[in-house]
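Trainee: please work out how this folds:
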Amino acid sequence: MGTETDERGRLYLSKDIRDRYGERFHVVEYSDHVELIPIDDDPLQGLRDAVGDALEGKSIEELRDEARELARREAEDGVRRD
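Mentor: Purely as a prediction, here's the structure:
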């Protein structure tokens, strides 16, 4: 499938693609191409669907706190090794 941007730089996707992937996308730039990544209406639910029951019963706040703690420990470990 090919498509072109209009004079304002807008890219139009077919109805079939919008129906399948939604209306919102992250645009990821690489050195030689760009990629459109669909954004779920409920990103946390999309993540839960992708990883199964690994996040079962955890709130967004709990997940955020765990991620921050893990990042803090990894940063401290990196400082100690250098």
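Trainee: from here on, just use CA atoms for contacts and neighbour counts.
Mentor: OK.
Trainee: which residues of this protein fall in strands?
Mentor: Along the chain, counting by DSSP state E, strands occupy 25-29, 34-38.
Trainee: next, count neighbours for the closest residue to G46 other than its chain neighbours.
Mentor: Spatial nearest neighbour of G46, excluding adjacent residues (Cα to Cα, 6 or more residues apart in numbering): D40 at 6.1 Å. Residues within reach of D40, counting by other Cα atoms under 10 Å, total 15.
Trainee: where does this protein have low pLDDT?
Mentor: 79-82 (pLDDT under 70).
Trainee: can you check which helix is longest in it?
Mentor: Counting residues, the longest helix found in the chain (DSSP state H) is helix 60-81.
Trainee: only C-alpha atoms, please: export that helix in CSV.
Mentor: Presented in CSV, the C-alpha positions along helix 60-81 are these (Å, rounded to 0.1, in the frame of the first residue of the first chain):
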residue,chain,number,x,y,z
ILE,A,60,-1.1,2.5,37.4
GLU,A,61,0.3,4.1,40.5
GLU,A,62,1.8,0.8,41.7
LEU,A,63,3.3,0.1,38.3
ARG,A,64,4.8,3.6,38.2
ASP,A,65,6.3,3.2,41.7
GLU,A,66,7.8,-0.1,40.8
ALA,A,67,9.3,1.2,37.6
ARG,A,68,10.8,4.2,39.4
GLU,A,69,12.3,2.0,42.1
LEU,A,70,13.8,-0.4,39.5
ALA,A,71,15.2,2.6,37.5
ARG,A,72,16.7,4.0,40.8
ARG,A,73,18.3,0.7,41.7
GLU,A,74,19.7,0.3,38.2
ALA,A,75,21.1,3.8,38.2
GLU,A,76,22.7,3.3,41.6
ASP,A,77,24.2,-0.1,40.5
GLY,A,78,25.6,1.6,37.4
VAL,A,79,27.3,4.4,39.5
ARG,A,80,28.8,1.8,41.8
ARG,A,81,30.4,-0.2,38.9
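Trainee: residues in contact with that helix?
Mentor: L44 (Cα atoms under 8 Å, 6 or more residues apart in numbering).
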